[in-house]
Every structure is written in structure tokens, then in C-alpha cells.
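Novice: take this sequence and fold it.
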Amino acid sequence: MSMSAGWYLRRLSRMGPREVGGRAGDAVRRRRWRSARPNCPSVTGARFTAVLPAGTIAAVPPDAAKRLIAEADRLMYGHAEYFGVVRDDLDDPDWWCDPKTGRRAPWGYAFDVPYRNEDAVGDIKQIWELSRHQYLTVLAAAYAVTGNERYAERVAEHLRSWWAANPPLRGVHWISGIELGIRLLSWVWIRRLLDGWPGAAGLFEDNPVALKQIWHHQRWLAAFPSRGSSANNHVIAEAAGQFAAACAFGWFPSSARWRAGALRSLERHLRGNTFGSGLNRELATEYHGLVLELGLAAVAEADAADVPVPASIRLVLLRMTDALAAIVDSRLRPPRQGDADDGHGLVLDGAGTDRWASLLATGDAVFGRLAWWPAVTGTDVRTPLLAALIRPYAKDGTAPAVTRPASRPAHFADAGMTILRGRAGDREIWCRCDGGPHGFLSIAAHAHADALSVEVRHDGVDVLADPGTYCYHGQPEWRQYFRSTLGHNTVQLDGADQSVSGGPFLWTRQARSRVIAADTSEEGVARWCAEHDGYQRSVHRRRVELTTASQELRVVDEVSGPRRDLSLAFHLGPAIAADLVGNRAVLSWTRDGEERSAVLDLPGQLSWRAHRGESDPPLGWYSAGFGRKEPTTTLVGTGFADGAEGFTTVLRFRG
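Specialist: Numbers count the residues shown, from 1 in each chain. Alright, predicted model coming up:
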């Protein structure tokens, strides 16, 4: 998908004067860089000193090491899966080829490559992902754990191949700052994990090609930061990667300047991207995880290099960790809110390692767990490695005194997120209610039109599910569906979205929501009420009540204003079978070999139909991860909203 002139005008309308000026300067710089390519300064006597403390690898739990080695062996055989596409070419990858479409990105000056045009380039996410080199950090970690040099040799072979195929400013891998930032962070960890290998210095600090790549990556990031309305998780990745490299690879005349600039950017944007409650302002949970991973990795480099960091950085990461502990369900799954693209900041583990449990384990090691935190089961490789570098929060001399939550927060007023919880024996009923801002910054790039939506789980199983994201570029009808109002558990009026889209990462009008009441203090009953003004001349108000004794969730929707067509959607999780008769659906599923069920009584004023796996237009789909989708059941009721009465839905769990 290429961008039209109309898109550029809409995008420009969301920028302020300062951002416009900055982007104009970027355009001039890109033209100048086309012909002015300075050489990397001469470096002599470079040494890598940011090594892991003695004994760190011995602290890796055996089961985590076993998963890591199994993953590394799959990679050695060339096998991997990215965004639903299985690959068997990783023994000798083509760095510019998209395995999904078979297209190969064109050669040329980086800023001339039309990376948004899938017809010309292929799926850019597929091309970029491998070149984040996070599979190489896995191989390097396998070397560190086993001492088997075949892993190190494969890493060296692939790095040399990549550096030869991607000279500075040539091709698709020199376009996006987030890619350069994450790649630098991967290189830092590769060098650290290969430290015991005799060829490590020859691969990095004694290698003129490597030095040239590291220098040009940092020069690029210093010149082209994400600006203004684009200063979301991308700018965090850029700053974290720049800072990590300037600490660990501080061999250049500009290293001190780059390090100081990246640290200022990281401090400013970590605060700017995070609510006071600790939740990420993009209101896209996977980006909360990405930013937290990047922030922890940056602090690890600071402490390894003995570089002081502002106390506010550690404080933001502490609050983000406590917020994550507060919102996960009984199986440590967070909400599926907003966009998700399977992006990670630092990958050191094999398949089967739980990302969110890993983050909470690291949080425990660095900040200390609170009494109300959920128990973290499972192990990972990354936590002991990060914990060996990061000074514990309580022992850091710059850490300010901070009051952490005495009990588990349920309502995050600034983010508009409320978690209602109930229990049926040892089974948790978990409900996320969305009454917060549409998204972050003027374009709200990773937001969905999901105001007042609910997400309900029973013992960790999606019952009323957020369908997910599935794709970004190249499939506009699917991008539109997965972020649409009809694609969420909420009310749609007149067949339109609550917020107006101007492109795949652009909203030109955003619904405004406000939480009227959120009461989770009463034993056995939790209540929430909110409304939004996304539909002009009408207001949608929703009330939700969860009663533990009856295992009942009651949702009441009211629409004030003129008579309008109304659709009410409930998306069931992929594990849920539904038998719809009239306005009653009997739901059934299996959990841990045990049959479970619920009854969903739907508003009788509406006409109800079940949809599953429909493509024209899309309806009835669930995306468990980026690039993957599977059919699921969506119940849609249609009728009219005339302000005369509310629409009541009751979900009762059995047993």
C-alpha cells in the first residue's frame, strides 16, 4: 500500500509547527547525505569491557537453558517462524527478501525505497524482523550457556553477511530508526554473550567493517529521531539502542555526545510515553511490554558502564512494572488492548518462555515484588542476565523514596482502564473496561476505535475477546477491520466507527471517553460506568457490573440522541463454541481437560446472528499474534437506538 496525496495532507494536518520544521530539516539532511557519506573515524585500541559479572551464566535456570538450546538448534537448522510465516532458510538468509510474497526489496539510496508499498518491496515487517538480529542474540546466548562454538561461528557468519549486504544508507534496512535502535541493542548483547569466544574481538572492535556499521548506525539515529506526533515507542527504541551502543561501544569521538543526547531523549520520552499510573500512553499493551524491555535494557547498560541515569528513569520503569503486575489475569496475561506486532526489545530466550512472567521476574529482581503481586511461575534466561547488570532499586543511591501501591490497583484513572475481578472457587473472572483516551499524540497511531469495549476472561480463557491486530501494511481491509468499532465488544452506530481513520496509523477525529464511576471496593460486587461522544449528536453510555456470588456479568448500553441504526458486537474467544438460539447463546469450552460453560443472554430488542470466518467484509476473526488469524464466533445484534430504553446483556458462568 502506497500513501496518497490525501494521506500526506491529513498527516501534515496532525503536526505542529515545530514538528513540521524538524521534518523539513530532515528532508534537507537526507538530500545532503545522498552524496556526502563521511568515513568512520579511525579507532585504535578499542576494548569491550561491559561484560557479564563472573558466575552470571551459572544462575540461568536449567529449564530455561534447555528451552534456549532447543530454540538455538532450530535456528541452526534454518527453521523459524515470523508473523505466521514458517521459514527454513535461516542457515543462509536473503536479507532483502520477503518470504510471504516472494518479493525482494529494491537496491538504492535508503530514503528512496518505497517501503510502504508492498507491491514494490514486499511485506516490510517480514523483511525488517530478521534484521533486528534478535535470533542472533538467542544463538549468542546459547553459546554463553553451552560454550559450543558452532553457535558463535554462525552468529559471526551472519553478521558478516549482513554487514556486507547492507552498507551504510543503502537499502531497506536504513530507513526506520526503530530498526536501527533495536539492531544496535542486539549487537551489544551479542558481543557481551560471545565474550568468551576467541573470535569475539575480531568480529567487533578489531573489525573495521563492524566499527563502520556501529558508527553509521549511531550517526543515523542522532540525525533522524522520531519527532512530534511520531514520538511514541519508536523514539524509545531509538534512544535505548543509541544509548546502549554509546555505553558499550564507546570507542568513537562522538560517543560521549551520542550517549548524553540519547539519555536525555530516553528520560524525556519515557516520562512522556507513560501515565503517572505506570501504564503506557499508547494504550496498546504489547507496546507497554516493548517500552519496559527497552528501558530495562538501557538501565542495564548504564549500570554496566557506571553511567549515572536520572532517577526518573528508574521510577518510570518501577511504576510500569507495578502497573503490569496489577492488570494481568490469573494466568499472567495482560489485556489485548490496541495494536500488537509481536515486537520485543531484547530476546534471550527460547520458545515457550512467557514474556509477561519474564518481565515480572525481572521486576522482582530489580525493584522487589509487592505482597499483592501475582505469583510468577516459570523461568527465563533474560532475568538473571539483566539482574546481574542492573543495580537493585533500593540499593541505587539516586533512587528517590516512592510510595508503591499497598493493594492491587483496579482503576487507572489517567489511562481510563478498569479491571473488574471476581472468583468462582479458584477460577478468576477478569473483565477489562475501556473508558480512556483514544490513543497517544495527535495521530494515535496504535489506537483502535474501541471506546467502552469490554474484554472478559474466565480462568485465563478469552470468553469475550479483543480480536487483536493481525496486520499493519499491505492488507487495508483487514487493517481496517481489526481496529474498527465493529471489531470490538462495543456499540456501533450507523455502520461507522466511533473515531475517524485517516490512514493505517492515523486518526483524524478521536472519540472522547470519560469514566463516570469505577467502584471495586465492595466485597463481591464491582461496578463501572463510562460514556463517549464519538458519534456526533449521540452519546453512548455503558454500565458494567460483576457479581461474584452469582458469577454474573451485566452490561447495560444506553444511547441518547436521535434514532439511529445500532449494531452491538460480542467477539468470542477462539476456544469458545456457541449455540445461538434467538437472543440466548450457550457457550462451552475446555480448560485443563475440564468442560466449562456459560450462558449469554443478549438484548431482546435486537436481531442476533452468529458470524464466523467471513471475508467479504471481514467478520468473525481472532488474531493471536501479528500475521496470524483464525476464525472465531462473533455475535452481532442489529436494530435501532432511539433513546427509549437500554440494551442489557447478561453473561452467567456455570459451575
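Novice: flag the shaky bits of the stretch 251-400 of the chain, pLDDT-wise.
Specialist: Applying pLDDT under 70 to the stretch 251-400 of the chain flags the ranges 395-400.
Novice: I should have written the chain there, sorry.
Specialist: Using pLDDT under 70, the flagged stretches of the chain are 1-3, 7, 395-400, 655.
Novice: which stretches of the stretch 101-250 of the chain form strands?
Specialist: Shown for the stretch 101-250 of the chain, no strands are assigned by DSSP state E, counting those that start in this stretch.
Novice: show me where it has its helices.
Specialist: Assigned by DSSP state H, counting those that start in this stretch, the helices in the stretch 101-250 of the chain fall at 118-121, 124-130, 134-146, 149-165, 177-193, 200-203, 208-223, 233-248.
Novice: same thing with the stretch 251-400 of the chain?
Specialist: 255-272, 285-304, 311-327, 355-367, 382-389.
Novice: just the ones you listed: most buried one?
Specialist: helix 285-304 (a mean of 25; mean count of other C-beta atoms under 10 Å). Just so you know, the C-beta spots here come from the backbone N, C-alpha and C atoms, and that holds for glycine as well.
Novice: of all the helices of the stretch 251-400 of the chain, which lies closest to G613?
Specialist: helix 285-304 (24.3 Å; C-beta to C-beta).
Novice: returning to that earlier point: which one, of the helices of the stretch 251-400 of the chain, ends up nearest to G181?
Specialist: Distance to G181, taken as C-beta to C-beta, is lowest for helix 285-304 among the helices of the stretch 251-400 of the chain, at 8.2 Å.
Novice: relative to helix 311-327, how tilted is the closest one?
Specialist: Angle of helix 285-304 versus helix 311-327, following axes from the mean of the first three to the mean of the last three C-alpha atoms, to 10 degrees, is 140 degrees.
Novice: how far does helix 285-304 sit from its chain's centre?
Specialist: In terms of C-alpha atoms, centre = their mean, to the nearest Å, the centre of helix 285-304 is found 12 Å from the chain centre.
Novice: which helices and strands sit right next to that helix?
Specialist: Packing partners of helix 285-304 (3 or more C-beta pairs under 8 Å, 6 or more residues apart in numbering; DSSP states H and E): helix 177-193, helix 233-248, helix 255-272, helix 311-327, helix 355-367, helix 382-389.
Novice: reformat the ones you listed as TSV; add distance to S13.
Specialist: Below are the helices and strands packed on helix 285-304 laid out as TSV (distance: least, C-beta to C-beta, whole Å):
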stretch	distance to S13
helix 177-193	23
helix 233-248	20
helix 255-272	22
helix 311-327	31
helix 355-367	37
helix 382-389	42
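Novice: quick one: which of these is nearest P562?
Specialist: Checking the helices and strands packed on helix 285-304 against P562 by C-beta to C-beta gives helix 311-327 as the closest, at 37.1 Å.
Novice: give me the angle between the closest one and helix 355-367.
Specialist: 130 degrees.
Novice: which elements pack onto helix 311-327?
Specialist: Contacts defined by 3+ C-beta pairs under 8 Å, 6+ apart place helix 311-327 against helix 255-272, helix 285-304, helix 355-367, strand 411-412, strand 417-424.
Novice: and Y622, which of those is closest to it?
Specialist: helix 285-304 (15.6 Å).
Novice: list phi and psi for E205.
Specialist: Dihedral angles of E205 (phi, psi; degrees, to the nearest 10) stand at phi -70, psi -20.
Novice: and it, how many neighbours?
Specialist: Look at E205: counted by other C-beta atoms under 10 Å, it has 18 neighbours.
Novice: for it, which residues are in contact?
Specialist: Applying C-beta atoms under 8 Å, 6 or more residues apart in numbering to E205 gives the contacts V43, A46, R47, F48, L211, F249, W251.
Novice: how about the residue lying closest to R219 once chain neighbours are set aside, phi and psi?
Specialist: Distance criterion C-beta to C-beta, 6 or more residues apart in numbering; nearest residue to R219, sequence neighbours excluded, is S254 at 7.5 Å. Main-chain torsions, S254, degrees, to the nearest 10: phi -90, psi 0.
Novice: what residues are up against S254?
Specialist: Contact analysis of S254 by C-beta under 8 Å, 6+ apart lists Q218, R219, A222.
Novice: rewinding a little: could the helices of the stretch 101-250 of the chain be laid out in TSV, adding distance to R336 and mean neighbour count?
Specialist: Listed next are these as TSV, based on distance: least, C-beta to C-beta, whole Å; neighbours: other C-beta atoms under 10 Å:
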stretch	distance to R336	mean neighbour count
helix 118-121	26	17
helix 124-130	19	23
helix 134-146	22	25
helix 149-165	33	18
helix 177-193	22	26
helix 200-203	40	18
helix 208-223	31	20
helix 233-248	17	28
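Novice: of the ones you listed, which approaches I390 most closely?
Specialist: Among these, helix 233-248 comes nearest to I390, with 12.9 Å by C-beta to C-beta.
Novice: check which helices and strands the closest one is in contact with.
Specialist: helix 177-193, helix 208-223, helix 255-272, helix 285-304.
Novice: just put the ones you listed in JSON lines and tack on distance to R333.
Specialist: Listed next are the helices and strands packed on helix 233-248 as JSON lines, based on distance: least, C-beta to C-beta, whole Å:
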{"stretch": "helix 177-193", "distance to R333": "24"}
{"stretch": "helix 208-223", "distance to R333": "34"}
{"stretch": "helix 255-272", "distance to R333": "25"}
{"stretch": "helix 285-304", "distance to R333": "10"}
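Novice: what about these, which gets the closest to R150?
Specialist: Of all the helices and strands packed on helix 233-248, helix 177-193 sits nearest to R150, with 14.5 Å by C-beta to C-beta.
Novice: just the C-alpha atoms of the closest one, please, in CSV.
Specialist: Provided in CSV are the C-alpha atoms of helix 177-193 (Å, rounded to 0.1, in the frame of the first residue of the first chain):
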residue,chain,number,x,y,z
GLY,A,177,15.0,4.4,13.3
ILE,A,178,13.4,1.8,15.5
GLU,A,179,15.0,-0.9,13.4
LEU,A,180,18.5,0.6,13.8
GLY,A,181,18.0,1.1,17.5
ILE,A,182,16.9,-2.4,18.3
ARG,A,183,19.6,-3.8,16.0
LEU,A,184,22.3,-1.9,18.0
LEU,A,185,20.9,-3.2,21.2
SER,A,186,21.1,-6.8,19.8
TRP,A,187,24.8,-6.2,18.7
VAL,A,188,25.7,-5.0,22.2
TRP,A,189,24.3,-8.2,23.7
ILE,A,190,25.8,-10.4,21.0
ARG,A,191,29.2,-9.0,21.8
ARG,A,192,28.6,-9.5,25.6
LEU,A,193,27.4,-13.1,25.2
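Novice: return the set of buried residues in stretch 368-376.
Specialist: By neighbour count on 16 or more other C-beta atoms under 10 Å, the buried set for stretch 368-376 is R369, L370, W373, P374, V376.
Novice: how many other residues sit next to I57?
Specialist: 20.
Novice: picking up where we left off before, can I get the helices of the stretch 101-250 of the chain in a markdown table with distance to A451?
Specialist: Shown next, in a markdown table, are the helices of the stretch 101-250 of the chain (distance: least, C-beta to C-beta, whole Å):
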| stretch | distance to A451 |
| --- | --- |
| helix 118-121 | 30 |
| helix 124-130 | 27 |
| helix 134-146 | 34 |
| helix 149-165 | 43 |
| helix 177-193 | 28 |
| helix 200-203 | 51 |
| helix 208-223 | 36 |
| helix 233-248 | 22 |
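Novice: mind putting the helices of the stretch 251-400 of the chain in a markdown table, distance to A164 included?
Specialist: What follows is the helices of the stretch 251-400 of the chain, written out as a markdown table (distance: least, C-beta to C-beta, whole Å):
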| stretch | distance to A164 |
| --- | --- |
| helix 255-272 | 25 |
| helix 285-304 | 27 |
| helix 311-327 | 37 |
| helix 355-367 | 33 |
| helix 382-389 | 30 |
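Novice: in a helix, R37, correct?
Specialist: No - R37 is assigned coil when assessed by DSSP: H, G, I helix; E, B strand; the rest coil, not a helix.
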